[in-house]
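K.L.:
how does the following fold in three dimensions:
(one chain, ligands or ions: 1)
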Amino acid sequence: MASSAALTTTHLPRLRTLLQDWEQKQLALKGQQRNGSEDLNDSADDLQITLGDNGSKLSKDVIVAFRTRPPLKNEAADKFKGNPDQDAESGEGGAETVKELGIEFCAGISVPNSKAGVFIAHVPGMKWSGPTLAHKSYDSDLAFGPDVSNEEVYQRTVIAQDLLPLVLSGGIGCILAYGQTSSGKTFTMEGLEHRIARDLFDTAKSTGKRLLSSEKIGDADGSDVFKVSVTFLELLGKYATDLVEPGTKVDSQSNPVRKEVPIREDKVGDVKPGLVSTSINNSAELEDLITNSLAHRRMSATNRNATSSRSHALLTIRVKNTLLPYAEEGQLILVDLAGSERYEDSKAHDKVRMDESKENNKSLMNLKECVQAKAKTAQEDGFVHIPWRSNKLTMLLKPIFDIESRQPSKTVIIAHVSPHIQDTVHSTNTLSYASSFKIAPPKLRGPAPYDANDPRTWDHEHTVSWLTDQFKTKVLAADTKDAERRNSVLETLDDNAPVELPVDIGILCPPGATGMYFGKMYTIEFVERCLNAVPKPAEGIPKVDSEALKNMAQEIIGALFYLVITAKTKSRKELMNSRKKLNVEQSYGEGARRFVPGTNRTYEVEVYDHADIYDARRYYGGEWDKTVNNAIQKSKDEGGWIVEAKGNAIKGLMERWRAQKAEKETMQTKAG
Ligand SMILES: Nc1ncnc2c1ncn2[C@@H]1O[C@H](COP(=O)(O)OP(=O)(O)OP(=O)(O)O)[C@@H](O)[C@H]1O
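P.N.:
Model (predicted):
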């Protein structure tokens, strides 16, 4: 198959004819269907679109979208300058020929509009008889063709996926724009960022008003309920800086020089780079911050884009609910990723840019592993390792990748491709990169046997009884405290004595509501439901005031989340232990093997137990990657065999871990 790089203007007329033939065939096929069962088919397609959108909204943590842009003025002519050698042979004059032939554009991507989420890439090839064209179909959840506006993209991603309510409810929303340089990532992200700035404060105000009214604080307008703060970080290769800071000096390429912001995990496992966090009060302030920060982002020309973004840019909008001071902050993380570049495209760069490009591609590969693993966690009951510590980009995205986080999260990845046939090879890489995240929603399974410690197994009755117990315990505890405060001589509280509950459990937990139902609920939603389920008190004054009820509700839903996470972790561990020798390469790459060096660079391979490697990596934390990376670097510096060095480093870590484990077990046996 000819690479698209080998395409020249001389091939274009043939490719355009092949494309037209294919389009005609598609039309004819459609026509045949129309004469037959096509009404049914079309309505089935429409139905699929509707169900597809709703289905993803309800049950997916990762949503995949494709987008292609229109060809830009003069771009086709630039792209098809022609191959000087071939054009010389054929006596044709590159860009001139394009003009002469009146050929401006040949589509590399088609978007069949009656099907949700499908892009077809037209892949050129070469046979002895001349150019050929193959047509590959890729699936996503949402597909945006060249005529789709930023407003529609916003409506079908941010709005349809409820990202603003998710963030205002203490969840994490994340949008990642991925794709080749000049494919339209920045265009999309800026469009989304400005629309989010436009709508966030109105949505916050109406949510705040609703919350206040459930607390019976009727007239307040709700604008002060949420506090918004924003950070904007740029990651250039491994170098992170704060985009909010203007930078006082400039480098040789006239880019501002800003001080490096370290990215590490702190003692409690948070990754919080020391960025300037700006508190924002309204849409105009957020708009200004975005515009000013974007102006600080580093750009430079690539082969494809005169103002290419060389870095990843992460805009993080944090939202704190002042009515629930102990609840976690919601976060909306908007990531305009650096353009993915193929080696051929990056080789015109200087050494620094080549290294940056290498580092960018590496971080994009790590990101792929993490998003893929994240998409699978929703599907599998068992354990899926998410290697988010593998580089700074994925560390910054820890909130969406940390499987032990109690915050619900949703990630939308928008893969961008160029519309030109010249770029199809890169486009197919992008489309297969992103479509691998499209994982079917979890399969429906029969009910699991009841386990008092696993809310996922509770039916409605179990859930009612658990909630009743929880509120009862909290009320009794509050009564005891009250009595102690009043110094009254308290008789032993009778657990069986009727207790007046602060909420009507029947309203809070209507028929059909189960442990799983509450396990998926946002904290704020649960608190709101409790406030709305307060029974009319006999004496006109509620026994528990709304402040105390909010705290109770937060603690109860927190306890339920804790049970869910513990149960998940437990089943993960059991599953891990039951897995014997797995094909670890899938999860850890070749690093998971034990390499035993032999003669002439041959080696024997022994695979460690999957569970052991997982436990060892957890035990070592950052030291694991550091040790392995140091060994690789050393081997590179010394011109050694990297595979061997990596294998030996892992072997060393595993042997050390086993020895320590054995020692610990011996001590425990002696002690016990
Ligand atoms: N959907 C679109 N409609 C019209 N023009 C677009 C669209 N998408 C992108 N463009 C234009 O295409 C050009 C390249 O887009 P953009 O800079 O967003 O690409 P990019 O993927 O961010 O590139 P890089 O990775 O090099 O920064 C810009 O001039 C932009 O205005």
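
K.L.:
just the pLDDT for the nearest residue in space to residue 264 that is not next to it in sequence.
P.N.:
Nearest-residue entry for residue 264: residue 271, 7.1 Å, with adjacent residues in sequence omitted and distances by CB to CB, 6 or more residues apart in numbering. (C-beta placed from N, C-alpha, C; glycine too.) The score at residue 271 is 82. That number is its pLDDT.

K.L.:
ok, the one 5 residues further on next?
P.N.:
As predicted, residue 276 sits at a pLDDT of 83.

K.L.:
in a strand, it, correct?
P.N.:
No - the assignment for residue 276, made by DSSP: H, G, I helix; E, B strand; the rest coil, is coil rather than a strand.

K.L.:
use 29 as the first number from now on
P.N.:
Got it, first residue is 29 now, which makes that one residue 304.

K.L.:
so how far is residue 656 from it?
P.N.:
Separation of residue 304 from residue 656 (CB to CB, to the nearest Å) stands at 34 Å.

K.L.:
the more surrounded of the two?
P.N.:
residue 656 (20 against 13; other CB atoms under 10 Å).

K.L.:
so is the more buried one in a helix, a strand, or just coil?
P.N.:
Each residue gets one of three states, and residue 656 gets helix by three-state DSSP.

K.L.:
from what I can see it touches residue 676, true?
P.N.:
No - counting by CB atoms under 8 Å, residue 656 does not reach residue 676; the two are 9.9 Å apart.

K.L.:
now the stretch 379-528 of the chain, which segments are flagged as low pLDDT?
P.N.:
379-381, 406-412, 432, 434, 467-476, 507-526 (pLDDT under 70).

K.L.:
write out the residues of it neighbouring the ligand.
P.N.:
Contact residues, the stretch 379-528 of the chain versus the ligand (CB under 6 Å from any ligand atom): residue 444.

K.L.:
helices of the stretch 379-528 of the chain, start to end?
P.N.:
379-405, 420-424, 426-429, 452-463, 488-513 (DSSP state H, counting those that start in this stretch).

K.L.:
turn those into CSV, columns for mean neighbour count.
P.N.:
Formatted as CSV, these follow (neighbours: other CB atoms under 10 Å):
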stretch, mean neighbour count
helix 379-405, 19
helix 420-424, 22
helix 426-429, 21
helix 452-463, 22
helix 488-513, 15
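
K.L.:
ok, which of these comes nearest residue 553?
P.N.:
Of all these, helix 488-513 sits nearest to residue 553, with 14.8 Å by CB to CB.

K.L.:
and the helix or strand that the closest one is followed by, average pLDDT?
P.N.:
Under the assignment DSSP states H and E, the closest C-terminal helix or strand after helix 488-513 is helix 533-536. For helix 533-536, mean pLDDT is 91.

K.L.:
name the helices or strands packed onto helix 533-536?
P.N.:
helix 488-513, helix 551-560 (3 or more CB pairs under 8 Å, 6 or more residues apart in numbering; DSSP states H and E).

K.L.:
which SS class is residue 148?
P.N.:
Secondary structure, three-state DSSP: residue 148 is strand.

K.L.:
hey, what's it bridged with?
P.N.:
Assessed by DSSP bridges, residue 148 has beta-bridge partners residue 138, residue 165.

K.L.:
near it, how many other residues are there?
P.N.:
19.

K.L.:
need the contact list for it.
P.N.:
By CB atoms under 8 Å, 6 or more residues apart in numbering, residue 148 lies in contact with 137, 138, 139, 140, 163, 164, 165, 166.
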